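Trainee: this is the structure alone, sequence omitted:
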């Protein structure tokens, strides 16, 4: 297990470098011997509230982070598509009829296949990927990759796809070609959110609006150092449990239940899974209506308790880190973010205390060691 990464401690208000793409452009030139024909980027995201509600047609409240995935592409000279991932130091080669074996390339392959389904006649492509969105942390590195690839195709081939269409295509690419039965939270956030306001999204209707963060507050993200893979974690199992719970309650999706008492009629563990989704939707709606930092933080604390106890997607080191954050002066609330099973924590903090909060928490986390993190302080 890696130590927590202090470089991930930041406010989302940081300036986003949208400008040029010198690194990925230069990498493309070095890898393929010519300049790229299109450049694009997309951000990762951190979810403030609304975990595991998107595939239940519920409500979510993500915000984009400054880290982005950048893509450069151009038509290939040979018969195969080549995809170079700078962060992994590897290149995948594949054809239309032979999907790649490399996991990262399956996301790209899925986007290309969905683009063809949308009517685009694609030649073999050379694609270079450069990203500072951390992998396996719960900050939507896969969605950022998918959206960035589809944006590059939109730019190169003038497709006219809008941002919602790109998000929908990206979601299908992940489900159908990467094997993750994800909701649309991550792709919509990567395609439409910004790092200055939260995106309140109804995942059933895709109605959305921007929501200001509470006055005087900022977001802190800390990596637990524990990576996880959604395709091999309990993510798909949790989704199946929610579908079974909805069927037992006679509704299309758990979004259609607003009384958590109804979950008590279900057998275990479906009762706990449903109770989390029902109460989590209520927390998102309350936060999106406009609350102060203390109330927002309390909602985040309750969300983590529900994810740990009812949804069972936390792990002891994440619980340790969340509990340590919650005790730190200037922290209004903290919770795991992303699907769980490892990854990152997010905290709502006093905006003028971010560095003062991050340093002692990370120092204590590192000093505790792996064995100590198995017990919540």
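Mentor: Noted; the coordinates are in hand. Just so you know, these numbers come straight off a predicted model, no measurement behind them.

Trainee: just the strands from the chain, written as ranges.
Mentor: For the chain, the strands defined by DSSP state E occupy 38-49, 59-75, 81-85, 90-94, 125-131, 198-202, 208-211, 217-223, 331-337, 344-350.

Trainee: which other helices and strands contact the last one?
Mentor: Helices and strands touching strand 344-350, as assessed by 3 or more C-beta pairs under 8 Å, 6 or more residues apart in numbering; DSSP states H and E, comprise strand 38-49, strand 217-223, helix 293-309, helix 316-327, strand 331-337. Glycine gets a C-beta too; all of them are placed from N, C-alpha and C.

Trainee: neighbouring contacts of that strand?
Mentor: With contacts defined as C-beta atoms under 8 Å, 6 or more residues apart in numbering, strand 344-350 is touched by 8, 46-48, 134, 137-139, 213-214, 216-224, 293, 296-297, 300, 318, 321-322, 325, 330-338, 357.

Trainee: wait, what's in contact with the residue most central in space within the chain?
Mentor: Geometric centre of the chain, nearest residue: residue 140, 2.8 Å, by C-alpha atoms, centre = their mean. Applying C-beta under 8 Å, 6+ apart to residue 140 gives the contacts 44, 45, 133, 186, 189, 190, 338.

Trainee: can you check residue 123 too?
Mentor: Residue 123 neighbours (C-beta under 8 Å, 6+ apart): 75, 76.

Trainee: equivalent analysis for the one 4 residues further on, please.
Mentor: The contact partners of residue 127, taken as C-beta under 8 Å, 6+ apart, are 71, 72, 73, 81, 82, 83, 84, 108, 149, 152.

Trainee: quick one: pLDDT of it?
Mentor: For residue 127, the model assigns a pLDDT of 98.

Trainee: tell me how far it lies from residue 104.
Mentor: 11 Å (C-beta to C-beta, to the nearest Å).

Trainee: quick check: neighbours shared by the two?
Mentor: Common neighbours of residue 127 and residue 104 (C-beta under 8 Å, 6+ apart) are residue 83.

Trainee: ok, residue 235 to residue 281 distance?
Mentor: Counting by C-beta to C-beta, the gap from residue 235 to residue 281 is 19 Å.

Trainee: pull out the buried residues from the contacts of strand 344-350.
Mentor: 8, 46-48, 134, 137-139, 213-214, 217-224, 293, 296-297, 300, 318, 321-322, 325, 331-338, 357 (16 or more other C-beta atoms under 10 Å).

Trainee: hang on, the earlier thing: and which of the contacts of residue 127 is nearest residue 34?
Mentor: residue 72 (10.8 Å; C-beta to C-beta).

Trainee: tell me the pLDDT of the closest one.
Mentor: 96.

Trainee: the one 3 residues further on too?
Mentor: Residue-level confidence at residue 75 comes out at 97, pLDDT.

Trainee: what does residue 2 give?
Mentor: 36.

Trainee: residue 365 contacts residue 321, correct?
Mentor: Yes. Between residue 365 and residue 321 a contact is recorded at 5.8 Å, counting by C-beta atoms under 8 Å.

Trainee: any weak-confidence spans in this structure?
Mentor: Within the chain, the stretches with pLDDT under 70 are 1-21, 229-233, 370-377.

Trainee: domains of it?
Mentor: Per the record, the chain has its domains at 18-49+68-193, 217-372, by automatic domain parsing.

Trainee: ok, which of those domains comes nearest residue 57?
Mentor: Nearest of the domains of the chain (C-beta to C-beta): domain 217-372, 3.9 Å.

Trainee: what is the neighbour count of residue 290?
Mentor: Residues near residue 290, counting by other C-beta atoms under 10 Å, number 11.

Trainee: start the count at 846 instead of 1 going forward.
Mentor: With the count now opening at 846, the last piece we talked about shows up as residue 1135.

Trainee: where's it relative to residue 1045, distance?
Mentor: 11 Å.

Trainee: now do the shared contacts for those two.
Mentor: Joint contacts of residue 1135 and residue 1045 (C-beta under 8 Å, 6+ apart) are residue 1056.

Trainee: so residue 1155 touches residue 1115, yeah?
Mentor: No. Residue 1155 lies out of contact with residue 1115 (C-beta under 8 Å); the separation is 10.8 Å.

Trainee: that older thread, so which of the helices and strands packed on strand 1189-1195 comes closest to residue 1102?
Mentor: Taking those one by one with C-beta to C-beta, helix 1138-1154 is closest: 15.0 Å.
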